[in-house]
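>>> Sharing a model that was predicted from the sequence below.
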Amino acid sequence: MSSERILIVEDSDSCAHLLKDMLGGMGYEVSVAKSAEEAIKVLEDEDYELIVSDLVMPGLDGIGFLRVLRGRGDDTPFIILTAQGGVGTAVTAMKSGAFDYLEKNSPPDELAMVIKRALDYGCLARENSGFRKHLASKYSFQSITTQSPRMRHALVLAERVASLHQTTVLILGESGVGKEVLSRAVHFVSGGLPSNFVGVNCASVPDTLLESELFGHVKGAFTGADRDRVGKFALAHGGTLLFDEIGDMPLPLQAKLLRVLEERTYYKIGSDRELPIDFRVIAATHRDLRELVRQEKFREDLFHRLNVFPIVIPPLRERKEDIMLFVDFFLPVFRHHLGKPLPGISHKAIEVLMAYDWPGNVRELRNCLERAAILVNDELIRPEHLVINRNPDTVSIGGMGIQLKLDDESFSLDAVVNTILEETLKCCGGNKTLAAQRLKINRKMFNRKKLSTMEKE
């Protein structure tokens, strides 16, 4: 027996009983309401997988009933039944949100077929809705936790533009700050599905292949094109196309991209067939596009076409209040993936994380914590577990990245010592006592020269 529940709305007792017996014989659980007003009250307390309603009824008619339900956000599949045929009635019913339209004298097998199609559609729609809600929860702006006012501002901007599918978004920020994460949030919160989010990294694809990657090509378009290829434009149809590192796109291709964005059409390489595009455009880059325009390395007209709604993501060093939020987020993830207990992180290790500038931003922090999670064994993560990448002219002292940028003329042992003292004092907020503890020296060492930074006891 089927568990689907069907509500019949019919003012004629004989017709209602006939439909109830027919659908009940097919295994469905059937209820009857004699008017649209009665049905509305029933639906306040009961859920049904399908509604089959008469068109002409005293009071609110079938289409009026359907419009009331759709106005309330009720998307239950709805079939209109009437003794009055006509294309006009069918069109009105479908435009109002009906799944289908049938005459009352339709053969039972036709009714059974339409009923089954409507129930299958409803089942798929519910699964799709649940999947979308899961994605929206996972990739929502609320899932991007932050205590930084600048990052909150970026999220507010992204949330405002999410529903505007035709508005081009330009996301700016250093490598590793989370430009793709924010792009996916814009896509999913606006109702997109995973298959409709397509990204292309303009810096990682060779110039000679990038055009084919975007536009696709037909068989025989060039040497080696032994079959048709579907490009990113086609794959992103109906969804979002992310042009990651747009600042690295070669100039000749920039002109072609500009035409596509202006005309909303494109041609596959080797084809004369014009194809439409329908996707949201998000561009992202860590480069200064205005400076590239000044250097004539980026087209000014394309820049203005992309710079419709810019959003800037601040680097991690400018929102260090978020570091512990990321630690609290990543450690349970690693605990699950590695399948071993991770008691947590020590205060000293936290000091190391907070003192470092994270040039690789969130990506570098994640990698650092993952390495530490692999190294520890039923113990707290300590400073010695934190493997932090340094520049060649950078030394690590107590987890701090001290840069020794000294030219040959000024290089000396005294200059190195003074630089370490001054930079450590800066990292410790001018607190000489804390800086001395980090360097394992007597705090009086800081009196050996006049330091430019503000000193605190």
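Sure thing, it's come through. Keep in mind it's a predicted model, so treat the numbers as computed, not measured.
>>> In this model Arg160 seems to touch Ser190, though I could be wrong.
No. Using CB atoms under 8 Å, Ser190 makes no contact with Arg160, being 11.4 Å away. For every residue, glycine as well, the C-beta is placed using N, CA and C.
>>> Kindly report the domain assignment for this protein.
Per the record, the chain has its domains at 5-134, 144-314, 319-389, 393-457, by automatic domain parsing.
>>> Comparing those domains, which yields the minimum mean pLDDT?
For the domains of the chain, the weakest mean pLDDT is recorded on domain 393-457, namely a mean of 66.
>>> for Ala255, helix, strand, or coil?
Look at Ala255: counting by DSSP: H, G, I helix; E, B strand; the rest coil, its state is helix.
>>> right, I mislabeled it, should have said Leu170
When classified by three-state DSSP, Leu170 comes out as strand.
>>> close enough to count as contact, it and Asn307?
Yes. Taking contacts as CB under 8 Å, Leu170 lies within contact range of Asn307: 5.3 Å.
>>> which neighbours do these two share?
Common neighbours of Leu170 and Asn307, using CB atoms under 8 Å, 6 or more residues apart in numbering, are Leu289.
>>> Looking at the two, which is more packed in?
More neighbours surround Leu170 than the other of Leu170 and Asn307, with 21 against 15 (other CB atoms under 10 Å).
>>> distance of that one from Ala283?
With distances taken as CB to CB, to the nearest Å, Leu170 is found 5 Å from Ala283.
>>> Overlap in contacts, these two.
Leu306.
>>> could you pull out the helices for the stretch 101-250 of the chain?
Ranges of helices within the stretch 101-250 of the chain are 108-138, 149-161, 179-189, 207-215, 232-235, based on DSSP state H, counting those that start in this stretch.
>>> Could you identify which of those is most buried?
helix 179-189 (a mean of 22; mean count of other CB atoms under 10 Å).
>>> gap between that one and the chain center?
2 Å (CA atoms, centre = their mean, to the nearest Å).
>>> quick one: that helix to helix 149-161, angle?
Relative orientation of helix 179-189 versus helix 149-161 (axes from the mean of the first three to the mean of the last three CA atoms, to 10 degrees): 40 degrees.
>>> Where do the helices of the stretch 351-457 of the chain begin and end?
Using DSSP H, counting those that start in this stretch, helices in the stretch 351-457 of the chain cover 361-375, 413-427, 432-439.
>>> The last one: which residues count as buried?
It stands for helix 432-439. 432, 434-436, 438-439 (16 or more other CB atoms under 10 Å).
>>> how about these in TSV, adding distance to Leu7?
Below are the buried residues of helix 432-439 laid out as TSV (distance: CB to CB, whole Å):
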residue	distance to Leu7
Lys432	78
Leu434	71
Ala435	75
Ala436	78
Arg438	72
Leu439	77
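>>> just these now: which is nearest Asp74?
Nearest to Asp74 among the buried residues of helix 432-439: Leu434, at 62.3 Å, using CB to CB.
>>> which residues touch the closest one?
Applying CB under 8 Å, 6+ apart, one finds that Leu434 lies in contact with Cys428.
>>> Could you check how far it is from Met354?
12 Å.
>>> before we move on, back to that, any idea which of the buried residues of helix 432-439 is closest to Val68?
For the buried residues of helix 432-439, the nearest to Val68 is Leu434 (68.0 Å; CB to CB).
>>> ok, that closest one to Leu214 distance?
53 Å.
>>> what does Pro250 give?
The gap separating Pro250 from Leu214 is 12 Å, by CB to CB.
>>> Check Leu119 too.
Leu119 is 41 Å from Leu214, where distance means CB to CB.
>>> For the stretch 1-150 of the chain, which segments count as strands?
In the stretch 1-150 of the chain, the segments counted as strands under DSSP state E, counting those that start in this stretch are 5-9, 29-33, 50-54, 78-82, 100-103.
>>> between the second one and strand 5-9, how big is the angle?
For strand 29-33 against strand 5-9, the angle between stretch directions is 20 degrees (the same axes, to 10 degrees).
>>> any residues touching strand 29-33, and which ones?
Here strand 29-33 makes contact (CB under 8 Å, 6+ apart) with 2-10, 16, 19-20, 23-24, 39, 42, 46, 48.
>>> List the buried residues of that strand.
Buried residues in strand 29-33, defined by neighbour count with 16+ other CB under 10 Å: 30, 32-33.
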